[in-house]
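Structure for this input, please:
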Amino acid sequence: MNSHSFLASGDQQSNQCQLVINSKINSQQQGVNHSSERALGDSYLRSCALKSAQEGNYTGAIALLTQLIHRHPYSALDYNNRGLIYFQSGETQKAFCDYNTAIQLNPKLASAYNNRANYYAACGELAAALADYDQAIDLHPSHIRAWINRGITLRDLGQYQEAVENFEIALLFGQLEGHIWAERGRTYHLWGDWNCAIADYRRALIQLPSIDSSNDIPGYRLRLQLENWLNELLSPQRPIG
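Okay, here's the model as predicted:
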C-alpha cells in the first residue's frame with residue numbers, strides 16, 4: 001500500500017486516527033453521517049487508514065477507505081488500497097473485486113496489477129499471476145515488488161534460472177536488498193546450489209529487522225522464515241521443502 005504524509009506523529013496520530021475510526025464505525029452502525037467526518041481531508045483519512053492497517057486494525061482501515069470511495073467513486077487508488085487491506089485480512093474475494101475495479105478505473109495503475117497477481121499466486125493460478133506481474137513491470141519497469149514477486153512465482157514453477165535473473169534485476173534498484181537476498185537464497189537452496197544459498201541467507205540476515213524491531217512486520221516474518229531455511233540447509237540431512 002502506498003504511504004502518505006502523516007499530519008501527526010507517534011502516539012498523537014494513533015490516538016487521533018482511532019477517534020476518527022471509532023466515529024466512522026459508529027456512524028456506519030447507526031446510519032449517521034457526521035459533518036466533522038466530511039470535513040476531514042482525504043490525505044489525512046488515507047494516512048489514518050495506512051496507520052490502522054500497519055497496526056492490524058483492518059476493520060478500521062477498511063471503514064476509512066470505504067468512506068473515501070463514497071467520496072470519490074472513481075478513485076482507482078482507494079479501491080486498490082482497500083483491496084490490499086481486504087487481502088491482508090483474509091477477505092480475498094473482496095480484494096479481487098476491488099483490484100478489478102481499480103484496473104477498470106485506471107488500466108495504467110501498475111500496483112493494482114501487482115496486487116491482483118499476488119491474489120492469483122495465492123490461489124495457485126501462476127500463469128495468470130505472471131501475466132499481471134508482466135503488466136505491472138511493463139507499466140512501471142522499476143516496480144521492485146513486482147520483480148521480486150515475479151521471481152518467487154518463477155521459482156514456484158521450477159524455473160530457477162529465470163527466477164534468479166529477476167532477483168538480480170531487482171537488486172539493481174538498491175531497495176529491499178534483504179528481501180531480495182532471502183528470496184534469491186531460497187531459489188539457490190531449492191536449485192541445489194547450497195554455497196550461494198548460504199551466502200545470500202547471511203547477507204539477508206544483516207539487512208532484515210530483528211525481533212526488537214516492530215516497524216517492518218513483513219520483514220521480520222521473512223527473517224523468521226529465512227532462519228528456518230538456513231537451519232534446514234545446515235542440518236545434516238539437508239531436507240528441501
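
drop to CA atoms for contacts and neighbour counts, all remaining ones
Noted.

residues contacting residue 139?
By Cα atoms under 8 Å, 6 or more residues apart in numbering, the contact list for residue 139 reads 108-110.

can you redo the residues you listed as TSV with pLDDT?
What follows is the contacts of residue 139, written out as TSV (pLDDT from 0 to 100):
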residue	pLDDT
108	98
109	98
110	98
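
Most neighbours of all those residues, which one?
When the contacts of residue 139 are compared by neighbour count (other Cα atoms under 10 Å), residue 110 ends up highest, at 22 neighbours.

ok, now which ones touch the closest residue to that residue other than its chain neighbours?
Once flanking residues are discounted, residue 110 sits nearest to residue 136: 4.3 Å by Cα to Cα, 6 or more residues apart in numbering. Shown in contact with residue 136 (Cα under 8 Å, 6+ apart): 109-114, 143, 146.

Which helix or strand contains residue 136?
Using DSSP states H and E, the element containing residue 136 is helix 126-139.

Please determine how far the residue nearest to residue 110 is located from residue 126.
Going from residue 136 to residue 126 by Cα to Cα, to the nearest Å gives 15 Å.

ditto for residue 70
Residue 70 sits at a distance of 34 Å from residue 126 (criterion: Cα to Cα).

and what of residue 208?
Separation of residue 208 from residue 126 (Cα to Cα): 27 Å.

Name the residue in those two with the higher neighbour count.
For residue 208 versus residue 126, neighbours defined as other Cα under 10 Å are more numerous around residue 208 (24 against 20).

so the more buried one touches residue 221, yeah?
No: if you go by Cα atoms under 8 Å, residue 208 and residue 221 don't touch, sitting 9.4 Å apart.

what about residue 47, how many neighbours?
Neighbourhood size, residue 47 [other Cα under 10 Å]: 22.
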